[in-house]
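**Student:** With the input below, show me the fold.
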Amino acid sequence: MNDTNKVILAAILGIIIGFGFGRFSNNAKVVEAPSGNDATETSLGVTASPEPSSGETSKAEESLSNVQSIKITEEPLKIEVKPVSAIIKSETSNISAVSAADQKAGRMVLAFASLDRQGWVAVHDYMDGKLGKILGAKHFGPATSAVEVPLMRATLPGYTYMIMLHADDGDFSDFSPSKDLPLLGADGKTIMDEFKAN
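**Tutor:** Here you go, the predicted structure:
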């Protein structure tokens, strides 16, 4: 089971558990100890008796006979949801990396990538230290090899670009910048490399 599947499974289990706690806390009632010798079934389905039915009494039965009231309350379950980019990180033992040498301008970028899961190698405009539009992306991984990224718009001589790894949101077919977020390395930084077109 890969890391993405584990995260999805954990989120689903958290939602189910949260729903269960929410449902239980909405039905919580104050249960009064019964008066008299008759056993009484409470709203929680527990049979309470003020006097033990046999000669031997356990500590639990003694405690129950001294109960004046029971109030059950539950705090709502809080689930912290983090963006995918904050969750998906490369394992230290399986370092994901990407690099691109300076290369001839055109509609194709040649890079070398190592990715320990399904993802994307994307080429971004890069000017004055800021990322710009995505020029193209190629589905990749898990693998370590050279990769050719086709571009929607050609790179221009003299300009700087950024090659970057993006996580795949699970559809494996279409690159979506809003869902297939930049992949973080073990150091918490985006996995990317800059290159120039000449």
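**Student:** C-alpha from now on. contacts and neighbour counts both.
**Tutor:** OK.
**Student:** Can you name the element that comes right after the lengthiest strand in the chain?
**Tutor:** If you go by DSSP state E, the chain has its longest strand at strand 130-140. For strand 130-140, the following helix or strand on the C-terminal side (DSSP states H and E) is strand 143-150.
**Student:** who does that following strand pair up with?
**Tutor:** When pairing is defined by DSSP bridges, strand 143-150 lines up against strand 108-115 (antiparallel).
**Student:** For the partner strand, give me every contacting residue.
**Tutor:** Here strand 108-115 makes contact (CA atoms under 8 Å, 6 or more residues apart in numbering) with 94-101, 103, 121, 123, 140-151, 154, 163.
**Student:** quick one: buried residues of that strand?
**Tutor:** M108, V109, L110, A111, F112, A113, S114, L115 (16 or more other CA atoms under 10 Å).
**Student:** Quick check: the two most widely separated of those residues?
**Tutor:** Greatest spatial distance among the buried residues of strand 108-115 (CA to CA): M108 and L115, at 20.1 Å.
**Student:** and the contacts of strand 108-115, which are buried?
**Tutor:** Buried subset of the contacts of strand 108-115 (neighbour count, 16+ other CA under 10 Å): 96-100, 103, 121, 123, 140-141, 147, 149-151, 163.
**Student:** from the buried residues of strand 108-115, which single one is nearest A197?
**Tutor:** V109 (9.3 Å).
**Student:** and the closest one, what pLDDT?
**Tutor:** For V109, the pLDDT comes out at 94.
**Student:** Likewise for the one 5 residues further on?
**Tutor:** If you check S114, the pLDDT there is 91.
**Student:** picking that back up, what residues of the longest strand of the chain count as buried?
**Tutor:** I134, L135, G136, A137, K138, H139, F140.
**Student:** Please name the bridge partners of A143.
**Tutor:** A143 forms beta bridges with L115, as assigned by DSSP bridges.
**Student:** excluding its backbone neighbours, what's nearest S173?
**Tutor:** Nearest non-adjacent residue to S173, counting by CA to CA, 6 or more residues apart in numbering: H139, 7.8 Å away.
**Student:** Quick check, that neighbour in contact with V121.
**Tutor:** Yes: counting by CA atoms under 8 Å, H139 does reach V121; the two are 6.5 Å apart.
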